[in-house]
Structure formats: C-alpha cells, structure tokens
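**Student:** A structural model of the following input is requested.
(one chain, ligands or ions: 3)
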Amino acid sequence: MAGLFDEPSVTFARVAVERGVDQFPDGLTYGIPERLLPITVGQLVTVPLGQGNTPTHAWILEITDETPVFAKGKETKQIYEKERDTIALPVDLIDLAKWMSKYYFAPIGPTLATMLPGPVRHGTGLVTKQLLDLAENPPTDVRITPKQQGVLDALTSIPKSKRPVDPKTLMQLANIGSKSPIDKLVEHGQLSCHHITRVEATWFRQSRDATTPEKLTDEQEKVIDEIGNVLHDGYSSHLLFGITGSGKTEIYIRLIEQAIANDGTALVLVPEISLTPQTAARLMGRFPDKRIAILHSALTKSQRHQQWSLVADGKADIVLGARSAVFAPLQNNQINIIIVDEEHDHSFKQDNAPRYNGRDVAIRRAWMAECPIILGSATPSMESWWNATNRNISTLHKLTKRAPGLVAPNIEVVDMRKERVHGEVGYPIVSTRLRAAVNKTLAMDGQVLLLLNRRGFAPWIACASRTCGWMMKCDHCDTSMVYHRRKPLEQAGFVRCHHCGTEQRVPKKCPDCSKKVIQLGAGTQRVEASLRESLQIPSEQIARLDADTTRKASDLHAMLDRFGAGEIRILLGTQMIAKGLDFPNVRLVGIIDADTAIDLPDFRASERTYQLVSQVCGRCGRGEGTATAIIQTFSPDAPAITLASKTDYETFATTELAFRQNAMVPPMTRMVRFIIKDHSFEQASGRADSLVDRLCAIADEEITISTAAACVLPRIADRFRFDITATATTSIALQSFLSAARATIKPSRNLTIDVDPISML
Ligand code: ADP
Ligand code: ZN
Ligand code: ZN
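**Tutor:** Ligands and ions are numbered 1, 2, ... in the order given. Sure, this is the predicted structure:
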C-alpha cells in the first residue's frame, strides 16, 4: 500500500459507492487529501475499492473531521479524484436518497446512481471551451507579427472584468479571419489559455397548444380555491379525483401559475412518454414565458444532459417528466408545488433496485420541500383513495362532470360468451356489435381507438388434436410462447417468450403426436390483420401501437401525429393507448378483451381491470357529437367491468376495499415481498424456507410472515422463484421490522426485496 496515499488526509468523508455494497446507513469512510479541497456533500468522486483498490464512483454523503478508528494495521484509504463539479447532486437529494435507501431496503450507492441520469454522469454532450487572457509574465524575447499584436491590443482594450474570452470573440475583436495568430501567441506564452468543460444547454422545443378555456367550471373553481388557499402553507397532500375529461390538467395549469408566480419551480410527473407530448405541448402553450425543462428517457442523451443541467443551474420554472423526474436536481426550497398526474399508473414503480414508486417518493419530496402535492386521477389507486377517504392524510377534491364541450360516452358491454358462431371453433375476435360500430364510425368520418393489452399474433401455440394437449412452453420459463408474425414475410412467424426474450421457430408438427400445430387466441398483430382483411378502408389508415411498433419514441410521436392529423383512422394498441390521449375526433373506443388482467392471481387484478377499462373508455367523447365505448368481455358480471361501464368509481372502491380488508392486503396493510431465485429448485425452496425462519425470528407480533411458496410464475430465465410476504398494519411497524432485518439480510441477484410491491406474479 505504500506510495498509494502519500499525501496526508486533511479531513474525512463518508461516501456511498455506486456498486451494490450496502453500508447502510453510514457509507464507507475515506480520507480527503488537501489537493481535493474544497469538496462538498453530493460531489461525485472516485475511490479505491476492495483489495485491488479498483477505482469506483462514489458520492460524498458527509464530511467529518473525526479520524476513523480502524483495525490494527489497516489505514484509511483516500479518495482518488473528484469528478467534474457540474455533476454534484444537491444536498437535498442526498437526504432523499438516504430516506429511499432505508424505506426501500436498497443500497444507497445504486440509489444515488439512479438519481443521476447516465448521460449526465458520462458527460454526453459536454463541450470543451477555450478561454483566453493576457499572460501574467509574457516572455520578452519573441517576435510578434502585426496580426498577433492586433490580438494583444484587442484584449488589452477590454476591461479585465470582461476577460477571459473565447477564441471566437477574440477573433472578432481583433478583426482576423484565422485563428492561427491566437494559437501562436498561446504557443509562445503570450496568452494564457484555460479549458473549461460544460454542457451547451438549450431549451427543448416542442409543439405548443395554447387553447385556454373561456370559463372554468364551478367544480374547477372550487378545487382551485381550496388548494390555492393552502398553496403557500407548507406541506399538504391532495387527491384530485376527476373523471376522464373533467379538466384536471386545467387545474394543474392554474395552480402552477399561482405557485411559481414570484419564483420557484413546479415539478410535474406523468407516466411514461406517451403522455408527455400532449401534456408538454399544453404546458408550453400556456406558459410561453416560462422555462420548461423536460426530463425523460426518450430524449437523446445529450438533450437529457442539457435539460438536467438547466434544472441544476436553477433555470427551470417547470420541470416535467416521467418517474425519474422526481429526482430533478432542485434544492427543496426551490420546489413550490409537485403534481403527479395519473397517480395510479404502474409505470411510476421501478421494477429493479431501488424498487421505488415515483408517486410515493414525490410525496416524500413534497414533505421535505414543505410544499403541496397534488395526485390526480380518474381512477385513483386504492392506496391514495384510502389515504384521502379514511386516513385523512390527504384531502379529496372531486370533479364529477366532464368539461364543457365534452360528452360522456355511452358505454356498452358485449357478453362474448354469446358470440360463438355455430360450427366454428372458438370465438370471433371482434363481435358483431363492435364491427357494426366501427363501420358506422368510419362512415361518419370519426376515428376509432381499439385496445387489446396483449402483444404479438397469438398468445398460444398448441396441438390441433383435442386429445393430445401439447402446448408450446418456453424452455427457460414456465410460460407459453407467443407467436409473432415477422414482417414483411407474414407467414414466416416465430415464437418469443415475453419473460426472457428467447425466440424459436414454430415446429411444423406437434412434437408429441405429429398432428398440425395451431395458433390460439389473439394479440394485437392478429387483430390488425383481421381488420385489414375485413374493413373497406386503405390499409395505411389502420395502425398498431405497441412496444413492437414503437421501439423509438420518435415512432410513437410520429404515429400519434398521424392519428391527430386524421391520416390514421383506426388506432389499435396495448395499454399505451389508454393513457391520457386526447383526440377530439375519437367517436368510438373498443376494448377487444377486457379480461386480460381480471383472472390474474394478484389481489390488484380487479383494480387494474377497472383502471384500464375506465381509462380507455375516457379516450372518446372529447369533441363534437356522441361517443360510444364498447367493452368485450367473458366476465360481464365482474364488478370491475360493470362498475367501469357505469363510471362508478366510488362504488368500485368501496367494494374493493372491503375485499382488501378481508384479505388483509394493501392498502389495509403494508407489505414487503421477498423473491428467492435459484437455478436449482431444491436450493430455491430450501433458501426460501430458511429465510422464513430468519424473518420470523426478527418479527414481533405486529408483523405477519407468509409461508414460502412458489411464485405464480415459478420459473423465469432458468431460475426457480419462491416468494414470501411480510405485512404489518402500519408503515412504522413494517419499517422497524425492515431495519432489524437489514443487519442480516441483503438483497442480491438471488434475493429481491420489494417494499410496497405492485405486482404479485
Ligand atoms: P382530464 O385531464 O381531466 O382528462 P383535461 O384537462 O385534459 O381533462 O380536459 C379535457 C378537455 O377539456 C381539454 O381539451 C381541455 O382543454 C378542456 N377543458 C378543460 N376545462 C375546460 C373548461 N372549463 N371549459 C371548456 N373546456 C375545458
Ligand atoms: Zn422464457
Ligand atoms: Zn399433439
């Protein structure tokens, strides 16, 4: 180790290393040599890690003068280097990370890494700038050409405070067309030259929609008054429950206007990118003089870096983005209001560590920033509804009517059990009723949105023989393979596992009995093919919007633009089309299969179904004329379907909460889920059982620990999966249990710990 740290440490820092070493809550201690001062909390540094002293990124959590005490013979290691200080995280985000790390049982380093977008860390889009000034002690023995003298004179003529200058400015000042006189002066030591690196940040341009309603509705006025009254009174939490099209966005706009009137920033979170183009267009249109930064992964890397830097420099009035925008680099005192639109949306939950929910982190941020937070939805999550109606930790505001100019759609339920055509196998994809409605809508020049939350052509490949029963499974997972057609060779399909991504050819014959192989069920590709065959409209007027057709955000935006312009008349898609799209000419919405989630063995199956059906029905009736929504289902009596068809969220919520109470699941309890994975079934099962024992040893009477059981998807990517849940009636009880567990249990590749899980599969 000699020679590695030859300078004395003048002070010490606790740091969080980026890699998953869980040194919660304090981090690791390193010495700071004088040459690295000044150094601040939040600064990104490189430290030697492990026996090999591998250079590793780390963040400064705390600076301390206390000399650490180490075991004999061990010396304190020193920080190697400081990264550019343009990428330091605000201290308030470090505090938020500490909270997240504790709450979500995640190592702090990776939590901080999540907060700093990759392009910022990697310096994508950074430019190096030269800055020039007169040298302090120029050499006297060099010959100076007239042009060079011109440069020196030009620099001398401007005041010292305006120096240094960049080469371009200097060329203009000296009136020269080539940079070489400047380069020569630098080379000879007549001019001093520094290099600085920074991001050339520019505002992100986006189409604008400045439509302003003439008059607010009474309901809107009331909500704006109620929330407006407490806008400057510190933390308060509000649930804005307004049916689709009731004008929630208008309320956000008015409140943002008030909140940032003098200074400060509004933070607005929306789910996924598909929503952002329209919301961004509205914000840009309505706040033409405000600076709006957009943070989401669909931007190019350098745009992301630019937008982040603008926010970090305190230049943004409004920050808009998806889940990770909750980590906008703002100090708490800059944030005046936080809005989470479509708060129920599952895309706010990150499904790798740290497994945070952006909505819940936003609530914490508002609390830390002492500002109001508004959660908006037409179909609030059971958690938020419970908080607002029973726990009184959030205020409920309602919008029960659609905004003027919008009509409520007529919602019809089609019982697919009655649609079987005599003599045919299976059921038609599109019912007689829906087909008639599509034709009628097209005849009236209206547009149609069709939802099917299942990608690919057919979800099952099976043997044609009734007695054989063979079905194609993934070799690596306990799931069926999904048939996809490959364009343009429509017949040359392949099968893919949606869980591990494995692809295979379709066998020509059943491997068990050599009979024919058939494709069962329908995904979006099959519906698309069937529409193209059966409808009398040009094929380019039908488009499919799902993860397979919109790999790039630009594909998605282009498709939505074509739909907005009327070039696409039927837009068919997965749940991506259920989110916030606002196109006035949509006169018909059809749900091909409302049951995709309803039978999942997950206590949120019914809630998800209600949300999806209700949200997509709300995409029509946003313009002139009547609007219809048609729901195809095999479970016409399920409360999620009947109540969604009546737009009766409150009855649904009451029914659902009673069920949750009985089952003792969230929101009545708080939950953490442990998933144990292993290549060997026995190992997985054994480790799961021993984890139950260890958890039971830590748990007090407030904690209920389940037995270990195979997951609903018992094997994914060759690993067997078992799960265990622990529940408590309060978050405090669950958190103290987790703190105790942390001493002996560590999350890893083979052990996922998911606090407030939203999927139980
Ligand atoms: P939500 O977010 O609740 O679904 P939006 O805010 O998108 O609803 O509003 C739906 C439509 O109604 C938008 O086109 C909006 O411009 C319009 N709108 C909102 N409030 C009013 C109002 N008071 N008068 C007229 N139109 C309104
Ligand atoms: Zn698989
Ligand atoms: Zn067979």
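
**Student:** what's the burial count for the closest residue to residue 596 other than its chain neighbours?
**Tutor:** Closest residue to residue 596 apart from its sequence neighbours, by C-beta to C-beta, 6 or more residues apart in numbering: residue 453 at 4.5 Å. Every residue, glycine included, has its C-beta placed from N, CA and C. The local packing of residue 453 (other C-beta atoms under 10 Å) involves 24 other residues.

**Student:** helix/strand/coil for residue 453?
**Tutor:** The three-state label for residue 453, taken from DSSP: H, G, I helix; E, B strand; the rest coil, comes out as coil.

**Student:** Let me know whether it touches residue 597 as I believe.
**Tutor:** Yes - using C-beta atoms under 8 Å, residue 453 makes contact with residue 597 at a distance of 7.2 Å.

**Student:** rewinding a little: for the residue nearest to residue 596, which residues are in contact?
**Tutor:** Applying C-beta atoms under 8 Å, 6 or more residues apart in numbering, one finds that residue 453 lies in contact with 574-575, 593, 596-597, 612.

**Student:** Quickly find the element holding residue 392.
**Tutor:** Taking DSSP states H and E as the definition, residue 392 sits outside all helices and strands.

**Student:** Now the residue in the stretch 251-400 of the chain that ligand 2 sits nearest to. Nearest residue, chain neighbours left out?
**Tutor:** Closest residue of the stretch 251-400 of the chain to ligand 2, C-beta to the ion: residue 351 (16.8 Å). Counting by C-beta to C-beta, 6+ apart, residue 759 is the residue found nearest to residue 351 once chain neighbours are left out, at 7.6 Å.

**Student:** got it, and residue 707?
**Tutor:** Using C-beta to C-beta, 6+ apart and skipping the chain neighbours, the partner closest in space to residue 707 is residue 692 (6.4 Å).

**Student:** contacting residues for the one you found?
**Tutor:** Residue 692 is in contact with 705-708, 724, counting by C-beta under 8 Å, 6+ apart.

**Student:** now residue 340
**Tutor:** Counting by C-beta under 8 Å, 6+ apart, residue 340 has contacts 269, 348, 358-359, 362, 373-376.

**Student:** pretty sure it belongs to a strand, no?
**Tutor:** Yes - counting by three-state DSSP, residue 340 is part of a strand.

**Student:** List the beta-bridge partners for it.
**Tutor:** Per DSSP bridges, the residues bridged to residue 340 are residue 269, residue 375.

**Student:** Next, work out how far apart it and residue 402 are.
**Tutor:** To residue 402, residue 340 is 22 Å away according to C-beta to C-beta, to the nearest Å.

**Student:** same check, this time on residue 113
**Tutor:** Distance, residue 113 to residue 402, using C-beta to C-beta: 44 Å.

**Student:** Could you list the contact residues of this structure toward ligand 3?
**Tutor:** Contact residues, the chain versus ligand 3 (C-beta under 5 Å from the ion): 463, 465, 468, 470, 510, 512-513, 515.

**Student:** Among the residues you listed, name the buried ones.
**Tutor:** The neighbour count (16 or more other C-beta atoms under 10 Å) marks 463, 470, 510 as buried among those.

**Student:** quick revisit: which neighbours do residue 453 and residue 597 share?
**Tutor:** Contact criterion C-beta under 8 Å, 6+ apart; residues shared by residue 453 and residue 597: residue 612.

**Student:** So what does residue 541 look like in phi/psi?
**Tutor:** Per-residue torsions, residue 541: phi -90, psi 0 (degrees, to the nearest 10).

**Student:** So what's the residue count around it?
**Tutor:** With neighbours defined by other C-beta under 10 Å, the count for residue 541 comes to 17.

**Student:** Report the contact partners of the residue nearest to residue 376 when sequence neighbours are not counted.
**Tutor:** Closest residue in space to residue 376, ignoring its immediate chain neighbours: residue 240 at 4.2 Å, by C-beta to C-beta, 6+ apart. Contacts of residue 240 were listed using C-beta under 8 Å, 6+ apart, and they are 223, 248, 251, 374-377, 397, 399.
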